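Participant: coords please:
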Amino acid sequence: MKTTLIMCIFALSFGTLYASSATEPIKQTILADSVKIDPICKMKVKQPANYKSTYKKQEYWFCAKGCKVKFDKNPVKYLKNN
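Facilitator: The predicted model follows:
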């Protein structure tokens, strides 16, 4: 009886650990998709971004209006360093 109880506890705790580690890559993928780097100041910008620009069918997110204005004036200058 004790052995069965111990085995059940072990199995349940192992299952919980396995389930949480199995979903970790999915969480990281979702986070990666919702965070981008501002090409001007290199800050992380989370979705939804208030300031966005599209250049050559690629969307860029900005932390502030000033970074967006700089990018819009000369996007090539800021993208060649990436």
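Participant: pLDDT on stretch 61-72, on average?
Facilitator: Averaged across stretch 61-72, the pLDDT comes to 96.
Participant: Report the buried residues of it.
Facilitator: Residues 61, 62, 63, 67, 68, 70, 71 are the ones in stretch 61-72 that count as buried (16 or more other Cβ atoms under 10 Å). Glycine gets a C-beta too; all of them are placed from N, C-alpha and C.
Participant: check contacts around residue 34.
Facilitator: 46, 47 (Cβ atoms under 8 Å, 6 or more residues apart in numbering).
Participant: how's this structure carved up into domains?
Facilitator: Recorded structural domains for the chain (assignment: automatic domain parsing) are 1-34, 38-82.
Participant: worst average pLDDT in these?
Facilitator: Note on the domains of the chain: lowest mean pLDDT is at domain 1-34, with a mean of 58.
Participant: circling back: same list (the buried residues of stretch 61-72) but as a markdown table, adding secondary structure.
Facilitator: Output for the buried residues of stretch 61-72, formatted as a markdown table (DSSP: H, G, I helix; E, B strand; the rest coil):
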| residue | secondary structure |
| --- | --- |
| 61 | strand |
| 62 | strand |
| 63 | coil |
| 67 | helix |
| 68 | helix |
| 70 | helix |
| 71 | helix |
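Participant: Then residue 42 would be within a strand, right?
Facilitator: No. In this structure, residue 42 is coil, not part of a strand, as judged by three-state DSSP.
Participant: what are the phi and psi values for it?
Facilitator: For residue 42, the backbone dihedrals (degrees, to the nearest 10) come out as phi 70, psi 20.
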